Each structure stands twice: as structure tokens, then as C-alpha cells.
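Participant: build me a model:
(chains A, B, C and D)
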2 protein chains.
Amino acid sequence: MKPENRKQEIINAAAVLFKEKGYSAVTMRDLASAMGIKAASLYNHIQSKQEILSNIIISLAEEFSTGINSINNSETNAIQKLEKIIELHIDVTLRNADGLASLNNDWMHLEENNLLYYEKMRREYEDIFRAIVKKGIRAGDIKTYDVEIIVFSTLSTLRTLYLWYPKQKKINPELLKHDMISVLLKGLV
Amino acid sequence: MKPENRKQEIINAAAVLFKEKGYSAVTMRDLASAMGIKAASLYNHIQSKQEILSNIIISLAEEFSTGINSINNSETNAIQKLEKIIELHIDVTLRNADGLASLNNDWMHLEENNLLYYEKMRREYEDIFRAIVKKGIRAGDIKTYDVEIIVFSTLSTLRTLYLWYPKQKKINPELLKHDMISVLLKGLV
DNA sequence: GTCTATATAGGGATAGAC
DNA sequence: GTCTATCCCTATATAGAC
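Facilitator: Residues are numbered from 1 along each chain as shown, chains lettered A, B, ... in the order given. Next up, the predicted model:
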């Protein structure tokens, strides 16, 4: 096994533990034990605990950043863009639900430039999302509720998918996408 | 100042810090510093760090438990019950947004009986919520999407309110309730 | 690539003076 | 009710043998 693979194994194992207890409560001994080795051995593959966290979070944040920019640049209306954003979140959740726990709950433990970089991406993501909703309202495609409430309620559902999805083993991704789009955009009543 | 007041001050200060960094990353020295005293002095008012956490979480969980039981026992239809649940979450968030961060993110650091007690209340809360949605679907008041998706998307929005509300200082609670009910129940489109 | 041993720092909590 | 001093434990990380 090449070092890069072993490193990724460690990062994946860490993501599972971080999801269960949070970054701060997981020790390098916990992580080593989950890998079946001693804590000191981890340092042959990674430089620090912090490096593991930034690896998990930054790659995910960049995925969302790339995704929403590509969606935003497409020639579609606001509703279609929101549908694409919902699909983006579902796709990322299917691929890396564990890592999303750190993205959502442990980003504040990033250090220095990584923290600033994360915060910048998050701000830009929300700005694009907000702009899409505003355009949709102006075009008459979206009802004229408070923009912030719409952005918040939609995003909080999408961001929490990682908690919920693993418990619904049987659910079909296509059904999930369809019903999630319906529930979020067309309401329950 | 009576000891009970001082104790509550400590718990309130702790809730703010737990919200910012999470239970595990906040030290008793951090908390003491926020109170303007030394760490050892905290122990004149509280027995342990764990006691602070359980105070924050258990009282909030009991509030939700009482609230949803009372709503569920009222003679109203599913939609009216859901509206009341949304109001319940908004009311609790207005009163104690800081504590809700611990309820949502740090419950797994509860110990022994408190952990079991919390998990029981949470399970019962979700069961009641799910039963209300199911009744609403059977009565034809709620569209026939996947029940779990409805429960999840609604609850995740309500549970995340604590993150979002403090940033919207100007928003009127009544407008918030009205628009939140509209967005969650009637959709965006 | 993993181990044992260890350095160094900081955690929660207590004792006892004031 | 708060302080200083301190106990004991565990954290991240490194050094060097195998």
C-alpha cells in the first residue's frame, strides 16, 4: 500500500470518529486504535491531527464551491438552479457523509489560513445561494417570503442530510432527490 | 447573590462558550476567565464540568418533551399541530439559543443516566412528530411524500434555528413564525 | 511502517489559606 | 467566594530501535 493510500485510510477513519464525538474529543490514541496501530505510528503518514481535519474539510468545501459556481453559471432559471443545488448536496452526502460532520461542526477548529479559506468559501456559497433566491423572487418563480428565511431553511436541511441519510439505508437516491425537491420547493400542504 | 444565581451565571457563560467551540474544546480555565475568576473558584458553585453540560441539555430536552406532548394532546388537526411545533421551537430558540447548541451538538458527551434519559426523550419526540405527520397524510392534509423525508427536513430546519436566529437581530418573532410556517408547510414555489 | 519510551503541555479537580 | 499551589492524568508529538 502506498503512503498516500494509507494516509487516506487514516483520514477516513478519523472522519468516522470525528462524526461520532467531534474533533476535540477524539484523541490520536482513539484514531490509532481504530486503525489497529499505536498513536506514534500515525505520524509516519500524517504531520498532525490538524492536518487530518483540514484535509477533510477543505476538500469538501472546495467541492461545494466548484459545484455551486458551475450551477450558477448555467443558463437556467432559479428553480432549476435550486434543484441542481439539492442534487449537489445529496451527491456529496452519498459519497462522504462522515466528512460532512466535520465540515458542519468542526470547521472552527481549523487553524490560520485554512480557517480563513474555509470561511471565505462558505460566505461565497451563501452569497450565491441568496442571489439565486432573490432572482427567483424577482422573476416571480419563488414566493415573496423573507429571503433569509428561505435561504436558511433550505440550507439547514441540506447541510443536515449527512446525519439523516445513513439511517435510511433502503432509500433510493433518485426517490430521495425527487421527494427532497418536492418537500423543499413545493411544501407539504 | 445567592449561589443558585451564581451557578446559573456560570451555566449561561458556559453555554456561550460551548456554542462557539463545543463542550470538549472549552476548558474550565476558559470558563473561569469568561467569568473573571480562577478555575478553582468555579467548583464552589458546580460539582463538575459534566454537571454544567447536563444542566444545559436536560432542561432543554424536558422543555421540548413537555411542549410536544401538550401539543399532541390538543384537539387539533395535523397542520395545526405542526404550526404549534414550529412556534415551540421558535419560542425556545428566542429564550435560549446558546443552550440549543449543546443540545444539538454535545449531547453525546452526557454520561450514564443523563445520556439515556436524553436519548429517550429525543426518541419519543421524534416518534410523536412522525405520528402527527402520518395522521396528516392519512387525513389528506399533508401530501403523500416519504414520511421520513418530511420529518427530517422539517426537524432539521427547526433544530438549526439557534444558529441562524441570533444573526437576524431585526427580525420580528411574529413575522418569523408566520414565514417559517409558510416556507415549511406551503413551500417556496 | 510500527514499536517503546519519553518530552512537554495542558486538562479536570482538590486542599487549604484568606 | 476566591485565591495559590498542586495532584494526577492524558493530550499531541518526537526520537530512535527494530
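Participant: if I look at residue A:116, how far off is DNA strand C?
Facilitator: For residue A:116, the distance to DNA strand C under the criterion Cβ to the nearest atom of the strand, to the nearest Å works out to 23 Å. The C-beta positions use only the backbone N, C-alpha and C, and glycine is treated the same way.
Participant: remind me what the helix or strand encompassing that residue packs against, helices and strands.
Facilitator: If you go by DSSP states H and E, residue A:116 is part of helix A:112-138. In terms of contacts (3 or more Cβ pairs under 8 Å, 6 or more residues apart in numbering or on different chains; DSSP states H and E), helix A:112-138 is packed against helix A:49-73, helix A:78-105, helix A:147-164.
Participant: can you lay out these as TSV showing distance to DNA strand D?
Facilitator: Listed next are the helices and strands packed on helix A:112-138 as TSV, based on distance: least, Cβ to the nearest atom of the strand, whole Å:
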stretch	distance to DNA strand D
helix A:49-73	4
helix A:78-105	14
helix A:147-164	23
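Participant: want to throw these into a markdown table with mean neighbour count?
Facilitator: Output for these, formatted as a markdown table (neighbours: other Cβ atoms under 10 Å in any protein chain shown):
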| stretch | mean neighbour count |
| --- | --- |
| helix A:49-73 | 18 |
| helix A:78-105 | 20 |
| helix A:147-164 | 21 |
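Participant: any idea how far the closest residue to residue A:17 other than its chain neighbours is from residue B:57?
Facilitator: In space, residue A:17 comes closest to residue A:26 once its chain neighbours are excluded; the distance is 4.5 Å by Cβ to Cβ, 6 or more residues apart in numbering or on different chains. When distance is defined by Cβ to Cβ, to the nearest Å, residue A:26 is 20 Å away from residue B:57.
Participant: swap in residue A:81?
Facilitator: For residue A:81, the distance to residue B:57 (Cβ to Cβ) stands at 39 Å.
Participant: one more: residue A:154?
Facilitator: For residue A:154, the distance to residue B:57 under the criterion Cβ to Cβ works out to 28 Å.
Participant: pLDDT below threshold where in chain A?
Facilitator: For chain A, residues meeting the criterion pLDDT under 70 lie at A:1-3.
Participant: for chain B, what's the nearest residue on it?
Facilitator: Closest to chain B within chain A is residue A:187: 2.5 Å, counting by Cβ to the nearest Cβ.
Participant: could you list every residue that touches that residue?
Facilitator: Under the criterion of Cβ atoms under 8 Å, 6 or more residues apart in numbering or on different chains, the neighbours of residue A:187 are B:143, B:183, B:184, B:185, B:186, B:187, B:188, B:189.
Participant: apply 10 Å and report the result again.
Facilitator: By Cβ atoms under 10 Å, 6 or more residues apart in numbering or on different chains, the residues touching residue A:187 are A:143, B:142, B:143, B:182, B:183, B:184, B:185, B:186, B:187, B:188, B:189.
Participant: and residue A:4, by the same measure?
Facilitator: residue A:45.
Participant: look at it and tell me its secondary structure.
Facilitator: When classified by DSSP: H, G, I helix; E, B strand; the rest coil, residue A:4 comes out as helix.
Participant: gap between it and residue A:13?
Facilitator: In this structure, residue A:4 and residue A:13 are 15 Å apart, going by Cβ to Cβ.
Participant: and what of residue A:186?
Facilitator: Computed as Cβ to Cβ, the residue A:186 to residue A:13 distance reads 40 Å.
Participant: these two: who's more crowded?
Facilitator: Under the neighbour definition other Cβ atoms under 10 Å in any protein chain shown, residue A:186 and residue A:13 were set side by side, and residue A:13 has more, 20 against 14.
Participant: isn't the more buried one up against residue A:46?
Facilitator: No. In this structure residue A:13 lies outside contact range of residue A:46 using Cβ atoms under 10 Å: 11.3 Å.
Participant: any residues in contact with both of the two?
Facilitator: Overlap between the contact sets of residue A:13 and residue A:46, as judged by Cβ under 10 Å, 6+ apart, is given by A:31, A:52.
Participant: can you report how many residues lie near residue A:133?
Facilitator: The number of residues packed near residue A:133 is 22, by other Cβ under 10 Å.
Participant: is it in contact with residue A:151, as I believe?
Facilitator: Yes. Contact criterion Cβ under 10 Å: residue A:133 and residue A:151 qualify, at 5.8 Å.
Participant: what about residue A:138, neighbour count?
Facilitator: In terms of burial, residue A:138 registers 11 neighbours under the definition other Cβ under 10 Å.
Participant: what's the answer for residue A:28, then?
Facilitator: Count around residue A:28 with other Cβ under 10 Å applied: 17.
Participant: and it, how far from DNA strand D?
Facilitator: Residue A:28 sits 4 Å away from DNA strand D when distances are taken as Cβ to the nearest atom of the strand.
Participant: could you pull up the residues touching residue A:150?
Facilitator: Residue A:150 makes contact with A:82, A:129-130, A:133-134, A:136-137, A:142-144, A:184, B:179, B:182-183, B:188 under the criterion Cβ under 10 Å, 6+ apart.
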